[in-house]
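A.B. asks: build me a model from this:
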Amino acid sequence: MSKDSFGEYNMVLNAVGIAGLTSLTGLNNSLMQAVARGFMGTYRAVVPIAFGSSFLGSIGLLAMSGWYLADSQTQIAWGCLAAAALFPLAYGLTQWKSVVIGQERFHELLLHDGGSSVLTYGLVIASVFLWPGDYVFPLVATLLVPAIYNLVVTALKYREIPSDASVEHQNVRYGIRTTFYSGLGAIGSNLDRVLVFSFMSPAALALFVAASRIPDLLVGAIQDVSAVIAPRLAKHDSYTKRVDRIFTVMSMIYGIAIFAVAFLAIPWLVPFLFGDNYADAVPYAQALVCSVAIGNQANLRFRFIRSRIDELGFRDITLFTSAVRLAAFVALVPPFGITGAVVAIFIYRLALAGIVRIVIKRHYAAA
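C.D. replies: Numbers count the residues shown, from 1 in each chain. Sure, this is the predicted structure:
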């Protein structure tokens, strides 16, 4: 793809990411907790709620498609239309993952989620070669495979879990309420790209996405680690000093590895993955990789807080960090472009580390 096409492709994906809040993402975390505590029927209770709510996201994407069509930007309009059609299945039926995580059946998650990802991105790559310059087909592949996979696995889970299985109603209500807070986080995590696209250009967004790809993968890795330990954390009554020491050691080891990646791997890895015309993304990628080290321990601690039915702690952290992130992006991206976005992400990660530490000290036993 050209930089412009790649930028527009990612703009549609950012819109899908923001629309993701309509699938009531807070239910995923609360469902994992309920399953870990033995309330398997919670799955059957939350799926219809999240799936029905996700159609609101489709309406938003459909409106976006109409806006671009009226502006004669037909390819991005078709991309938004395809996203609107597939969104409920691709984003509204992901609760099966929370069941697998809650049961600590990670081999099953690897089989299902990994297989879906390999097939998805294999089709994306193939479509780029078959239809050069057209990003509607890659968008369809990005959403169609997860949509079909979610539908099949959801049907299997419905057969596996009895209709009379016990439901943790308190956790269902908690998940719905916390969706508002996590929704602000979803908006914030995509706002930087929207601002770069709007105030600069699609090509600038392409450069920023290239710089962000490896840092995003590193963030995802520590989130995967926290997801693995989440079911056990849900069974803990308190935040002990032993748990905090484990988090500290894990964060230090991962932080050292992150700095090594930033200065030894990034200078050749970004051009290798994206091409020499993305060489300007290297310093941004190095800075963003270093920023990941700041939030390691905060992410692990936040996972413990999320494993409680602690709406106040979750609210305080999410509202504060979302407000800081939104304000930093709005203030820094329009005048400073990609550099402003990178600085804003540093500010956000520092804010997350600070507020999580405060909540842990105030409401839990250690740290």
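A.B. asks: C-alpha coordinates for the helix or strand of the chain with the lowest mean pLDDT, CSV please?
C.D. replies: When the helices and strands of the chain are compared on mean pLDDT, DSSP states H and E, helix 296-306 comes out lowest with a mean of 75. Provided in CSV are the C-alpha atoms of helix 296-306 (Å, rounded to 0.1, in the frame of the first residue of the first chain):
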residue,chain,number,x,y,z
ASN,A,296,4.8,-2.3,33.2
GLN,A,297,4.3,-2.5,36.9
ALA,A,298,1.2,-0.2,36.7
ASN,A,299,-0.4,-2.6,34.2
LEU,A,300,0.2,-5.6,36.5
ARG,A,301,-1.1,-3.7,39.6
PHE,A,302,-4.1,-2.5,37.6
ARG,A,303,-4.9,-6.0,36.7
PHE,A,304,-5.2,-6.9,40.4
ILE,A,305,-7.5,-4.0,41.0
ARG,A,306,-9.7,-5.1,38.0
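A.B. asks: residues of that helix that come out buried?
C.D. replies: Of all the residues in helix 296-306, those buried under the rule 16 or more other C-beta atoms under 10 Å are Asn296, Gln297, Ala298, Asn299, Leu300, Arg301, Phe302, Arg303, Phe304, Ile305, Arg306. Just so you know, the C-beta spots here come from the backbone N, C-alpha and C atoms, and that holds for glycine as well.
A.B. asks: which one among those gets closest to Tyr91?
C.D. replies: Arg306 (19.7 Å; C-beta to C-beta).
A.B. asks: the closest residue to Phe263 other than its chain neighbours: neighbouring residues, count only.
C.D. replies: Leaving aside its chain neighbours, Phe263 sits nearest to Gln286 (6.9 Å; criterion: C-beta to C-beta, 6 or more residues apart in numbering). Gln286: 22 surrounding residues under other C-beta atoms under 10 Å.
A.B. asks: pretty sure Thr22 contacts Leu56?
C.D. replies: Yes. Thr22 sits in contact with Leu56 when judged by C-beta atoms under 8 Å, with a separation of 4.2 Å.
A.B. asks: can you give the distance of stretch 149-165 from its chain's centre?
C.D. replies: Its chain's C-alpha centre and that of stretch 149-165 lie 24 Å apart, by C-alpha atoms, centre = their mean, to the nearest Å.
A.B. asks: nope, stretch 87-105 is what I was after
C.D. replies: Worked out by C-alpha atoms, centre = their mean, stretch 87-105 lies 14 Å from the chain centre.
A.B. asks: okay, and Asp244 sits in which element?
C.D. replies: Element membership for Asp244, per DSSP states H and E: helix 241-260.
A.B. asks: try Tyr9
C.D. replies: helix 3-19.
A.B. asks: tell me the mean pLDDT over the helix holding Asp244?
C.D. replies: In this model, helix 241-260 carries a mean pLDDT of 82.
A.B. asks: equivalent analysis for stretch 178-191, please.
C.D. replies: 73.
A.B. asks: which other residues reach stretch 344-361?
C.D. replies: Contacts to stretch 344-361, defined as C-beta atoms under 8 Å, 6 or more residues apart in numbering, come from residues 188, 192, 239, 244, 287-288, 291-292, 294-295, 297-299, 301-302, 304-305, 313, 316-317, 320-321, 324-325, 328-329, 331-333, 366-367.
A.B. asks: just the CA trace of that stretch, in CSV.
C.D. replies: Output in CSV follows, covering the C-alpha atoms of stretch 344-361 (Å, rounded to 0.1, in the frame of the first residue of the first chain):
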residue,chain,number,x,y,z
ALA,A,344,1.5,12.6,25.2
ILE,A,345,1.9,8.9,25.5
PHE,A,346,4.8,9.4,27.9
ILE,A,347,2.6,11.7,30.0
TYR,A,348,-0.2,9.1,29.9
ARG,A,349,2.0,6.3,31.1
LEU,A,350,3.5,8.4,33.9
ALA,A,351,-0.1,9.3,35.0
LEU,A,352,-1.1,5.7,34.9
ALA,A,353,1.8,4.6,37.1
GLY,A,354,1.1,7.4,39.6
ILE,A,355,-2.7,6.9,40.0
VAL,A,356,-2.4,3.1,40.2
ARG,A,357,0.1,3.4,43.0
ILE,A,358,-2.1,5.8,44.9
VAL,A,359,-5.1,3.5,44.6
ILE,A,360,-3.1,0.5,45.7
LYS,A,361,-1.8,2.4,48.8
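A.B. asks: off-centre distance for that stretch?
C.D. replies: Taking C-alpha atoms, centre = their mean, one finds stretch 344-361 lying 18 Å from the centre of the chain it belongs to.
A.B. asks: also stretch 211-224?
C.D. replies: 10 Å.
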